[in-house]
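Asks: Structure, please.
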Amino acid sequence: MRVTFNAFPDTLLGRLQSLGSEQNKALTQLSTGQRISAPSDDAPAMQRILNLRTEKKQNQQFHQNATDGLEKSKVTFSSLEQIKDLLVRASELAAGINGASSENEYFAKSTEINQLIEQGLNVGNTKLRGAYLLAADSPENPAYTAARDPQTDKITAVTYAGSPNDSAIRINEDTEIKVGSSVSENEKIADLLNKLISLRDAMDAPASATKAETVIGMRSQGTDNLDELENTVLSYLSRAGTIQYRLETAMRDLEVRYEATEQLISKDADVDFAEATVRLNRSQMAYQAAIQSGAMIQRNSLLDYVR
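Replies: Alright, predicted model coming up:
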């Protein structure tokens, strides 16, 4: 094929534009560290990167869910431990009662139990970041409400006022975990406090031949006695420990997945600096050579015209 001088400048111009684009691409890659800046650079790789970034963002959310859930579980665990300690102390006070107990002793013990009731109500309405911890999925409302004697201001009844629905968090695409205490467990805490109210009132009752027997019976006899309630709380604590273990395991798994996703993104997205530098140098040398060729063509064309 015969190439004329008239056609050469257009061909040369196209070559210079192509080499300029190659230089700009290499410079952009070296300055950003990214191999792909537009889908046209590598459409299949760009789609993989977008999918992986979506997966990474989702895993970050799952990890945050697990982190928040672990914090909630730990605070719940602490609250339930305090409830357990209240029960243990109330049981000790009831165990110290016998037929020879004086009214002064009853008064002292009932006064302490009244303090335990108040403390239990405060623990039940523990807040975490402004939300009532034991209110299930209605954290904006107090978990427990109390009725009080208008004359003595003593608590006469405790009611669970939280949501009837358990709260749960998602830790991966297929798994949700109920964190904190369940609704049934929260309701049991109200039963527990009401049992302490009954124990206090039994100690405050007028002296009688059966007073000691009544107080002692509340500790170990009948449905929902103090010993049974203490065992129930212990089972809650055991479950809370299991939840914490699952959340910690989920967080570790998500961290591994996050790192693996980052590596896959890097494999497609990150530029090979050595290869990009070679391409830049090669295109710069070719660009300079093309310019020199163009100069020679123009000089020869001018000489032909003069002749």
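Asks: just the helices in the stretch 201-307 of the chain please.
Replies: Assigned by DSSP state H, counting those that start in this stretch, the helices in the stretch 201-307 of the chain fall at 211-220, 226-269, 273-306.
Asks: could you give the angle of the second one to helix 211-220?
Replies: Orientation note: helix 226-269 sits at an angle of 30 degrees relative to helix 211-220 (axes from the mean of the first three to the mean of the last three CA atoms, to 10 degrees).
Asks: Off-centre distance for helix 226-269?
Replies: Its chain's average C-alpha position is 10 Å from that of helix 226-269, according to CA atoms, centre = their mean, to the nearest Å.
Asks: Apart from its neighbours in sequence, what residue is nearest the most centrally placed residue in the chain?
Replies: What sits nearest the mean C-alpha location of the chain, by CA atoms, centre = their mean, is residue 65, with 2.4 Å. Closest residue to residue 65 apart from its sequence neighbours, by CB to CB, 6 or more residues apart in numbering: residue 169 at 4.5 Å. To be clear about C-beta, it is placed using only N, CA and C from the backbone, and glycine gets the same treatment.
Asks: still on that earlier bit, in CSV: the helices of the stretch 201-307 of the chain, plus distance to residue 101.
Replies: Formatted as CSV, those follow (distance: least, CB to CB, whole Å):
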stretch, distance to residue 101
helix 211-220, 6
helix 226-269, 17
helix 273-306, 85
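Asks: right, and the residue nearest to residue 65 touches residue 180 too?
Replies: No: under the criterion of CB atoms under 8 Å, residue 169 makes no contact with residue 180, lying 9.8 Å away.
Asks: Who has more neighbours out of the two?
Replies: More neighbours surround residue 180 than the other of residue 169 and residue 180, with 27 against 22 (other CB atoms under 10 Å).
Asks: tell me the pLDDT at that one?
Replies: The model reports residue 180 with a pLDDT of 71.
Asks: Over to residue 15?
Replies: Confidence score, pLDDT, at residue 15: 69.
Asks: likewise residue 251?
Replies: Note on residue 251: pLDDT of 94.
Asks: Ok, which of the helices of the stretch 201-307 of the chain comes nearest residue 194?
Replies: Nearest to residue 194 among the helices of the stretch 201-307 of the chain is helix 226-269 (10.4 Å), distances taken as CB to CB.
Asks: elements contacting that closest one?
Replies: helix 43-95, strand 176-178, helix 183-204, helix 211-220 (3 or more CB pairs under 8 Å, 6 or more residues apart in numbering; DSSP states H and E).
Asks: Figure out which of these is closest to residue 262.
Replies: Across the helices and strands packed on helix 226-269, closest to residue 262 is helix 43-95 (CB to CB), at 7.0 Å.
Asks: just to revisit the earlier point, which helices and strands does the host helix or strand of the residue nearest to residue 65 pack with?
Replies: Residue 169 is part of strand 168-170 when elements are defined by DSSP states H and E. Counting contacts by 3+ CB pairs under 8 Å, 6+ apart, strand 168-170 packs against helix 43-95, strand 176-178.
Asks: so of those, which one's packed in deepest?
Replies: helix 43-95 (a mean of 18; mean count of other CB atoms under 10 Å).
Asks: quick one: that one to helix 183-204, angle?
Replies: Per the same axes, to 10 degrees, the angle that helix 43-95 makes with helix 183-204 is 20 degrees.
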